[in-house]
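In: Fold the following, please.
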Amino acid sequence: MRLAPEEVEAAGGFAACLWDAGVDAVTVTESSTAVVEAEVDAPSEDEAAWPPDYDHISRLLATARHPHAEGHRVLVRVLVDSDAVRSHVASVHDRAAASGAQDEPGAVIAAMARIIGSLADEERTAALSAIAEATRALPQGQLRARTAERLLASARADRAVAALVRQVGLDAMCRALTEGVSIGDDSVDGLARAIRNLSQISMANRDDVADAAGAALRAAGVAEPTISATLGAALPVRIAAHGDDASVGAGEIDEVLGLIDLAAAAPGARADDPALRTLRDEVHRGFTDSDVTGALVTLVVLGLGTAEFEPSLQRVEDGLGLLLERGEFEVAADTADILLAAATEASSDERERILEAIGRLSAPGEMRALHRAMHLYDRDSAEYLACRRLLATLGGLAIEPLLEMLADEPDMALRKSMVDLISSVADRHVEEVGRYVNDGRWYFVRNVVSILGATKCSESVPFLGRTLRHADARVRRESIRALAGVPDPRAAEFLVIALGDLDAGNVQLAARYLGSLAYAGATPALIDVARGEGSGNRELGPRSEAIEALGQIGSPEALPTLEALAARRPLVGGGRARDLASVAAAAVAAINERRGKAER
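Out: Model (predicted):
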């Protein structure tokens, strides 16, 4: 009940969550319904005095996990009341300022933003507006700047906080970020990163971000050279080679023009080609990084087999990482597609260089930017679809850095998001994923097993068979789930092997899946479990599940065992024997009914 539906789905469903929580049976002893007359409009004690005091709201925020949690109705009323929200956030600010606490207003505001995800649409809109208004109304000062930085950091991995940042507005966020700014290099670098993050999260036009940030810096009394340096670092407009901070100069523009002239001289090319003339015009005018990349990719294709291929590719390679950092996902995807298509027509050496260049997009930093974007943007947005297309193009090149990120990610929500992301492309790269099943971190191996299971590929079975013998029961349990989803006879055989597991929950789960698959080959092993014989765990839960599985499989071979268990009577008390007897009787009835239908 504490988990959101999305978390339940990501964990493998409701039954899987129960298994992980140690719940192997649910018994209903009595059920009743009562109709009680009540004063619908009568306020509760908590609502009688409005608004609630500071401590009361703090307690509600700290315990709010579910729409039906105690006090949730009161909390909703608070969040849609702009005066109550503004008063509480201001109190948090004042207390933090008095005690010297770091970021507390930002943490409280982010917590409010996350809670509104459980509200109805109308309530959500009102609450988002109220929280944004309270954020804008924070008193000026360095604490407010820390609050804005905290919200931006949270928004990179949380859609609810990102929505709040957009509601607060570009101008207000820029004013908050620039409060108390100094002219030191460290301050410029930190502010540039914050503005760059704001540009990605706000989804605003780059010029609008630059105008808002520039106006806020001028209002804060920052000198124009510092403003130019800050905005140049935050929102670069030209490609710079890695390790070279110098801006593009006239000499470099001449070099690009020289490459175009070389392309015109290539075999089969024409000096008056309209595409080349367009490139020359664009270079003379000056244009953005995405424009440059698009132009240079054209030169790479034209330069295959000529001397200008390598210098053109080097310049494309230098700008690829900047595309993802700047949020130019469609350009990055187009570039990767064009380069990959060019590789099919290139010589072996050229093909190797092109693949090496494309690999720059799969570096850890670029993969983090890609994952962050796919976490923030809606699944039907152009940005998300471009990221998916780029990920599909990168294919196996992206698997290793994404898995390394997954292994080091401490946040559970981001881990689940990353598992989904890798799973979406893993079916074509099972071998690359499977290499990680020997990792020493059990929790990481469990995620790898989940990814392998999502592929539903026969190629994953040998790896899952290996993790079925893992030292940690939780990894073995995930392996059982994964094997159950692979349509391969070997997967069912491994589930039979899992009936020998020492963990009761694992044996029970394997028996359940074998029953749902109606795998007749499991009958002998299930009979041993039902009798409480053989290796592995033979507690009541696994035995009951094995008996039910035998009933689902319907093999007559199991009837003698099931009939003997159904006829067994306890000597004294005997709750366990009684339970087994009733389950066995139901299984016998199911098999006989199936046989009767077959005979008719």
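
In: ok, now how distant is Arg114 from Glu133?
Out: 18 Å (C-beta to C-beta, to the nearest Å). Using the backbone N, CA and C atoms, a C-beta is placed for each residue, glycine as well.

In: now do Val209
Out: 22 Å.

In: Between the two, which has more neighbouring residues?
Out: Set side by side, Val209 and Glu133 show more neighbours around Val209, with 22 against 17, by other C-beta atoms under 10 Å.

In: which residues does the more buried one contact?
Out: 170, 174, 195, 198-199, 202, 235 (C-beta atoms under 8 Å, 6 or more residues apart in numbering).

In: change it to 7 Å
Out: 170, 195, 198-199, 202, 235 (C-beta atoms under 7 Å, 6 or more residues apart in numbering).

In: so where is the stretch 151-300 of the chain shaky, pLDDT-wise?
Out: Within the stretch 151-300 of the chain, the stretches with pLDDT under 70 are 156-157, 180-188, 200, 203-204, 236-295.

In: For it, just list every one of the helices.
Out: Counting by DSSP state H, counting those that start in this stretch, one finds helices in the stretch 151-300 of the chain at the ranges 159-168, 170-178, 185-202, 206-219, 224-234, 250-264, 274-285, 289-302.

In: Please name every helix or strand in contact with the shortest one.
Out: Right, helix 170-178. helix 142-155, helix 185-202, helix 206-219 (3 or more C-beta pairs under 7 Å, 6 or more residues apart in numbering; DSSP states H and E).

In: Which residues does it contact?
Out: 136, 144-145, 147-149, 165, 191, 194-195, 198, 202, 204, 208-209, 212-213, 216-217, 220.

In: Equivalent analysis for the fifth one, please.
Out: Outside helix 224-234, the residues that touch it by C-beta under 7 Å, 6+ apart are 183, 188-189, 191-192, 195-196, 210, 213-214, 217-218.

In: between the residues you listed, which has the most around it?
Out: Going by other C-beta under 10 Å, Ala213 tops the contacts of helix 224-234 with 28 neighbours.

In: In contact with that residue, which residues?
Out: 174, 195, 231.

In: where does Gly327 land in three-state SS?
Out: coil (DSSP: H, G, I helix; E, B strand; the rest coil).

In: Need the pLDDT of it.
Out: Each residue has a pLDDT score; the one for Gly327 is 75.

In: can you start the count at 20 instead of 1 from here on
Out: Done: numbering now begins at 20, and the last item shifts to Gly346.

In: mind checking how far it is from Ser218?
Out: 7 Å.

In: Least confident secondary structure element in the chain?
Out: Lowest by mean pLDDT, DSSP states H and E among the helices and strands of the chain is helix 64-67, with a mean of 48.

In: what's the next secondary structure element after that helix?
Out: helix 73-82 (DSSP states H and E).

In: just the CA coordinates of that following helix, formatted as CSV?
Out: The C-alpha coordinates for helix 73-82 follow below in CSV (Å, rounded to 0.1, in the frame of the first residue of the first chain):
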residue,chain,number,x,y,z
TYR,A,73,3.7,25.0,11.4
ASP,A,74,4.4,21.8,13.3
HIS,A,75,1.1,20.2,12.1
ILE,A,76,1.9,20.9,8.5
SER,A,77,5.5,19.7,8.9
ARG,A,78,4.2,16.4,10.4
LEU,A,79,1.7,16.0,7.5
LEU,A,80,4.5,16.6,4.9
ALA,A,81,6.8,14.1,6.7
THR,A,82,4.2,11.3,6.7
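
In: CA atoms only for stretch 181-197 - export them in CSV, please.
Out: C-alpha atoms of stretch 181-197 as CSV (Å, rounded to 0.1, in the frame of the first residue of the first chain):
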residue,chain,number,x,y,z
ALA,A,181,10.6,20.0,-12.9
ALA,A,182,7.0,20.9,-13.5
LEU,A,183,7.2,23.2,-10.4
VAL,A,184,10.4,24.9,-11.7
ARG,A,185,8.6,25.6,-15.0
GLN,A,186,5.6,27.0,-13.1
VAL,A,187,7.8,29.3,-11.0
GLY,A,188,9.0,30.8,-14.3
LEU,A,189,12.2,31.6,-16.0
ASP,A,190,12.6,35.2,-14.7
ALA,A,191,12.0,34.3,-11.1
MET,A,192,14.4,31.4,-11.2
CYS,A,193,17.1,33.5,-12.8
ARG,A,194,16.6,36.2,-10.2
ALA,A,195,16.9,33.6,-7.4
LEU,A,196,20.0,32.0,-8.9
THR,A,197,21.9,35.3,-9.3
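
In: Go through it and flag the buried ones.
Out: Neighbour counts using 16 or more other C-beta atoms under 10 Å place 181-189, 191-197 of stretch 181-197 among the buried residues.

In: Tell me which two of those residues sit farthest apart.
Out: Checked with C-beta to C-beta, the buried residues of stretch 181-197 reach their widest spread between Ala182 and Thr197, with 22.8 Å between them.

In: Tell me where the model's unsure across the stretch 520-619 of the chain.
Out: 588-597, 617-619.

In: Show me where it has its helices.
Out: 523-536, 542-550, 559-572, 578-586, 594-618.
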